[in-house]
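# Prediction below, plus the sequence it came from.
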There are 4 protein chains.
Amino acid sequence: MPNVFGKLFTISTWGESHGGGVGVVIDGCPPNLPLSAEDIQPELARRRPGQSEITTPRKEMDEVQILSGVYEGKTTGTPISMLVFNKDARPGAYSEMKEKFRPSHADYTYQSKYGHRNPEGGGRSSARETIGRVAAGAVAKKILQMAGTKVETLAYVSRIHDIAMPGETAVSAEAIEANIVRCPHAETAEAMIERIKEARSQGDSVGGVVECRIRNLPVGLGEPVFDRFEADLGKAMLSLPATKGFEVGSGFEGTLLKGSEHNDLFENREGVVRTKTNLSGGVQGGITNGEDVVFRVAFKPTATILQKQATVDLQGKETTLMGRGRHDPCVVPRAVPIVEAMANLVIVDHLMRQHAQNRLFSFEA
Amino acid sequence: MPNVFGKLFTISTWGESHGGGVGVVIDGCPPNLPLSAEDIQPELARRRPGQSEITTPRKEMDEVQILSGVYEGKTTGTPISMLVFNKDARPGAYSEMKEKFRPSHADYTYQSKYGHRNPEGGGRSSARETIGRVAAGAVAKKILQMAGTKVETLAYVSRIHDIAMPGETAVSAEAIEANIVRCPHAETAEAMIERIKEARSQGDSVGGVVECRIRNLPVGLGEPVFDRFEADLGKAMLSLPATKGFEVGSGFEGTLLKGSEHNDLFENREGVVRTKTNLSGGVQGGITNGEDVVFRVAFKPTATILQKQATVDLQGKETTLMGRGRHDPCVVPRAVPIVEAMANLVIVDHLMRQHAQNRLFSFEA
Amino acid sequence: MPNVFGKLFTISTWGESHGGGVGVVIDGCPPNLPLSAEDIQPELARRRPGQSEITTPRKEMDEVQILSGVYEGKTTGTPISMLVFNKDARPGAYSEMKEKFRPSHADYTYQSKYGHRNPEGGGRSSARETIGRVAAGAVAKKILQMAGTKVETLAYVSRIHDIAMPGETAVSAEAIEANIVRCPHAETAEAMIERIKEARSQGDSVGGVVECRIRNLPVGLGEPVFDRFEADLGKAMLSLPATKGFEVGSGFEGTLLKGSEHNDLFENREGVVRTKTNLSGGVQGGITNGEDVVFRVAFKPTATILQKQATVDLQGKETTLMGRGRHDPCVVPRAVPIVEAMANLVIVDHLMRQHAQNRLFSFEA
Amino acid sequence: MPNVFGKLFTISTWGESHGGGVGVVIDGCPPNLPLSAEDIQPELARRRPGQSEITTPRKEMDEVQILSGVYEGKTTGTPISMLVFNKDARPGAYSEMKEKFRPSHADYTYQSKYGHRNPEGGGRSSARETIGRVAAGAVAKKILQMAGTKVETLAYVSRIHDIAMPGETAVSAEAIEANIVRCPHAETAEAMIERIKEARSQGDSVGGVVECRIRNLPVGLGEPVFDRFEADLGKAMLSLPATKGFEVGSGFEGTLLKGSEHNDLFENREGVVRTKTNLSGGVQGGITNGEDVVFRVAFKPTATILQKQATVDLQGKETTLMGRGRHDPCVVPRAVPIVEAMANLVIVDHLMRQHAQNRLFSFEA
């Protein structure tokens, strides 16, 4: 089941960039959750193309339809099928891509793996696939809200190219959405936007880093050994198009510290066990410890650039390809809601798993 | 199944640091593979404690027994159960740890998650659990060898604390095993060893980075969307104790490049489609492209240090804990065979998956 | 993932009887398979309501749309999403069912399990869900055909109420489809049809048995221990609405024989190892042995009858309910293509599993 | 993972009849459950060979060791590894079986599937594998007891060959264990024992039916569509050696009734919704309805008989084989604790699943 994610709250996405549409089936959603398209649409709006001057101009409103699993405005516990039809597809624009492999895209590997692919807009490898993830993530977010948890998942752009946000920036949903690049530090955001525009004007592209902070998670999420909370988060993030790295807490920088500098000492803060520092990034032994879970995801510069590049064709003959088509000069701002969605999916899945094994039965003397 | 890894070639590990023993069950191993304990033992020897002056002095020979799945020297296709008994356990040494949580260890999170834990040597959260992984990885390695593939998985220490190996170092199995820190650059290795000894003499610890290079992988491994090759590798690595980050190819550094600098242009090299550069790290769209798969894993400094640290006890009362017990001042050298093992498990699993879906049936006109 | 079936060739169904529609996502389909709606529609036609005078008069043409996973007439190896919109829904007809539980239906158990349900036409518990299974089964059937296997899966009605087909009846696709009850014995079929009409005229219903024979299966399908071929077949069949039993080969009757009567002796028939008899039903130790796999499935009489029955309402108060709504007086004839579909799904899944573990690698001296 | 059963409470069995031993790893067991070998041993005693004059004389005490997952007498929530060493193995006794396929055994299919097998005592296909299941089932049973549920799973022999227990027999654990054939009807039990002895004296064997009744299950277990409670039970039972059929409630007999005779009418019995009859067998729409779950499993006559039978050898040449070796003339009495074990595993797994999806979150206005 390569296209399924999650163990108890599972999602199965389908669809291609220019096929009939894209969608997702959620299996395992709790019943009685108030749910309608209005809960989904705002998250899709944060992801959709054409939302600002620094994204691709492809015009898709990405209107979601809920086809099953909801009755009289509440979930029934049965699979929730959601669908977005593709509208602004331009199949004709991709005739050259059918014959030539775009550098650092998935054209060559899909062709080699399957021997047949839908080349239009990248087909299945298009980031358009993430619509299903975002729609499902919106359901996960609604669960966390309606169940009365205070879990808050905030992703934001912490770096574009070499322009980084100051480390001490206060983070809030409002500050993130206050600008089109989704960096909560206003001044840095402006510089980031300029950098993206500059790259676009050069027919080039830039990458960057999305940081995510999850607040108010309960202690105890994550399974020892393989399904550690950060391992599942890491897989979720590394499954996103254009990602090249994932780190939690101190990450790669933390390897420059000594144990005496890196350890998070415990203290009792108003009756609650807490750590004085949080280099662990909210997980110890693969299990959440009640501190903020903080992680970062590296997104490479967009592979599509408006420049002539050397490549080969279907027959392996060397040739050149001039980039065209509508694309984002930087995918990082639109990745923000996708990172949040994946994180929320992991959280709900692990809440269910923790509960099933460790909270259902009680064995007291 | 939190303690199961893999979809077709699956492993299930069990055991605690000071319980009866540790082990693994491999499910899905192909039949007719010549296999005996002699295939497993060398990899366990690379992982075992007490192997050199920079590792913990705990004395465990880690002798493996194969209890099932092999008949007359060859696998039968049924589950392979392997077991290593614990010998040099010192349960008494852990009485203080039963009451007090060691900082940046899993004591507090396990206690909170389960309400009951085996505190001796860290119990299930001990790196001793990885014996099962290494034993299973040795079987995966044997499969790759005996099946005639030329796949070669080489992990090595590329950085200890702030001492990094030069980027252009030639890598070979011999060079890696030529020194106790497992860095293929001899001069750097010496400096690394000194840094580890220095940390130990201060009752402190250091971390570092393991890099891994997989050569001669076929094109086409990895599944689009969720089970990307690098996503599964990332999960595998992030499931190891003490890891804080994973990156493939250009990784976090790659986000400082522009698309025109980052794209790997295709060329035809002696009849084979190759890329001129390999910033992708051997994967495009989640699928291997025939170039070396290169990834890096960040390991934090060992949490156990021989210093008095602030912490809390089972009742949440603040106290201090003086580190003791045998431990590694740096886990990175012993992590090398573990990283290789996990990588080989992912490779065999994905070979099977690729074959089942895309090579079993052929539909020709 | 309660709504997912299969391990390598997996299907995920969604949808309710009177919601927006019903559908299925196939994950793991091999690429390059020629596929269009024309391959699916004939199987749906065999399943659809209103197909004959002994089925429900609900008018649904059940036209399938393929929304993804196919490009230029061939599968791409990515998920195949198929959708059938509901047309002839009469939500108003179910107002009483919203308040009162229909006896021997799933109304009470769904209500108890989820606290909320779609009562229209039975919602998710409606046999309309099986559209997704039949559509997916048609793809599995196409795989078996196009891959050049000679596997032939033939299900048929062997008994309606107490009217049973003679045991020695010759079975062919043509004979099965030659009459509306799908019994290959023409004379028996007529009597069966009369029995169904008689039941309907009394406002009553009848059940029966579907037998299925799978020819030309390769030796070696099925996994020892849990995923035995017949165990997976059994689960597949017992997951169908209205089923109460499953047996393979000699089944329950076989328990009346002694070992000396029941054993299938081996012989060499024209160079092939065969058994003289086939009381095993084509499986030994959970693995196919090259003989026909023969199994039977018991379907209870339709729970919906046009009679007043005692029941309780949502508040647990005793009341009566007069059956109404369009329904089948006997579900067995329409179950035939569904049984075939599920069998074909199990076959393709096990072919992939067998190949991945036991045919991919070869270890020869 | 062919050797894994269950989704949340999972077991993974390993081992062969005459290899080093047999065992099981339980993954997902709740923590804090008091557990020791004394909880397991009685169930193994009910399953072990040599327990009475109508079973095989092979002498195995089947002493279980718990190697992990328990600390200071209570489970820790980590994998429980349990092991039974083989003692009374007689590898030499199987030299003929290495060359010739025993009729109606798994010798030929294993050989064909894997190309290599352990022939001693049937290797992996031996019923000795069920030791792991029974050990795991004992843990599931302990969970149900200690968690304060009143769930009671009682399996018993309802028929041996053509000797059937009266339908109205009262069933209790005491009555079942009061005789060596495990039929709760004393008089019938005597006749059954005679029939088994008679078969043995003829060098022959007999089969029969195990019926199982699960009392006091909560309403709501089982998932609609694929993972129906009875579908998972059915798969569990059909995964046992020598089974040929499974039915729930009215089963195959129920197909001889009309809907008006078969429907279970609801009533309110002392404030609880109940059904007047229970032809559904405790499940409706795949979900438990609070009535007893009643199912039956068909076991064929033992394939090993002490008679000369026609067969073929490894080269496909026709030959004869004289049955020998220690065996049960009827496996049905020893199957009773195995059926109970599998049922209890399914129950605990579904309790966890139901709780995770439908009881963890509450969404109230």
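Ah, there it is.
# rest of the way, CA atoms for contacts and neighbours
OK.
# would you list every one of the strands in the stretch 251-365 of chain A?
Assigned by DSSP state E, counting those that start in this stretch, the strands in the stretch 251-365 of chain A fall at A:266-269, A:272-275, A:283-284, A:287-288, A:293-299, A:308-312, A:318-322.
# Show me what counts as buried in the helix or strand bottoming out on mean pLDDT in chain A.
Confidence across the helices and strands of chain A bottoms out at helix A:95-99, with a mean of 87, counting by mean pLDDT, DSSP states H and E. Within helix A:95-99, the residues that count as buried by 16 or more other C-alpha atoms under 10 Å in any protein chain shown are A:96-98.
# what's the helix or strand that comes right after that helix packed up against?
Per DSSP states H and E, the first helix or strand lying C-terminal to helix A:95-99 is helix A:107-114. Contact partners of helix A:107-114 among helices and strands, from 3 or more C-alpha pairs under 8 Å, 6 or more residues apart in numbering or on different chains; DSSP states H and E: strand B:287-288, helix B:332-358.
# Deepest in the core, which of these is it.
Stretch with highest mean neighbour count among the helices and strands packed on helix A:107-114: strand B:287-288 (a mean of 27; mean count of other C-alpha atoms under 10 Å in any protein chain shown).
# So for A:Pro57, what's the nearest residue that isn't a sequence neighbour?
Take A:Pro57 and drop its neighbours on the chain: the residue closest to it by C-alpha to C-alpha, 6 or more residues apart in numbering or on different chains is A:Gly50, 4.5 Å away.
# Now do the phi/psi pair for that neighbour.
Here is the backbone geometry of A:Gly50 (degrees, to the nearest 10): phi 70, psi 10.
# Chain D contacts on the stretch 101-250 of chain A?
Contacts of the stretch 101-250 of chain A with chain D, taken as C-alpha under 8 Å from any C-alpha of the partner chain, map to A:146-147.
# Tell me where the model's unsure across chain A.
Chain A contains residues with pLDDT under 70 at A:89, A:91-92, A:364-365.
# ok, back up a step: could you dump the strands of the stretch 251-365 of chain A into a markdown table and include distance to chain C?
Shown next, in a markdown table, are these (distance: least, C-alpha to the nearest C-alpha, whole Å):
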| stretch | distance to chain C |
| --- | --- |
| strand A:266-269 | 39 |
| strand A:272-275 | 35 |
| strand A:283-284 | 27 |
| strand A:287-288 | 23 |
| strand A:293-299 | 24 |
| strand A:308-312 | 21 |
| strand A:318-322 | 23 |
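# nearest to chain D, of the ones you listed?
For the strands of the stretch 251-365 of chain A, the distance to chain D is smallest for strand A:287-288, at 13.4 Å, taking C-alpha to the nearest C-alpha.
# sec struct for A:Trp14, please.
The three-state assignment at A:Trp14 reads strand, by DSSP: H, G, I helix; E, B strand; the rest coil.
# surely it meets C:Ser81?
Yes. The pair A:Trp14 / C:Ser81 is scored as a contact, 6.5 Å apart, by C-alpha atoms under 8 Å.
# Return every residue with contacts to both of these two.
Contact criterion C-alpha atoms under 8 Å, 6 or more residues apart in numbering or on different chains; residues shared by A:Trp14 and C:Ser81: C:25, C:68-69.
# Which of the residues you listed fall within helices?
Of those, none are assigned to helices by DSSP state H.
# What is the nearest of the residues you listed to chain B?
Within these, the smallest distance to chain B is 12.6 Å, found for C:Gly69 (C-alpha to the nearest C-alpha).
# In this structure that closest one contacts C:Ser36, no?
No. In this structure, C:Gly69 is not within contact of C:Ser36 by C-alpha under 8 Å, at 10.7 Å.
# neighbour count winner among those two?
C:Gly69 (30 against 18; other C-alpha atoms under 10 Å in any protein chain shown).
# can you pull out the strands in the stretch 1-150 of chain A?
Under DSSP E, counting those that start in this stretch, the stretch 1-150 of chain A gives strands at A:4-5, A:10-15, A:21-27, A:64-66, A:70-71, A:74-75, A:80-85.
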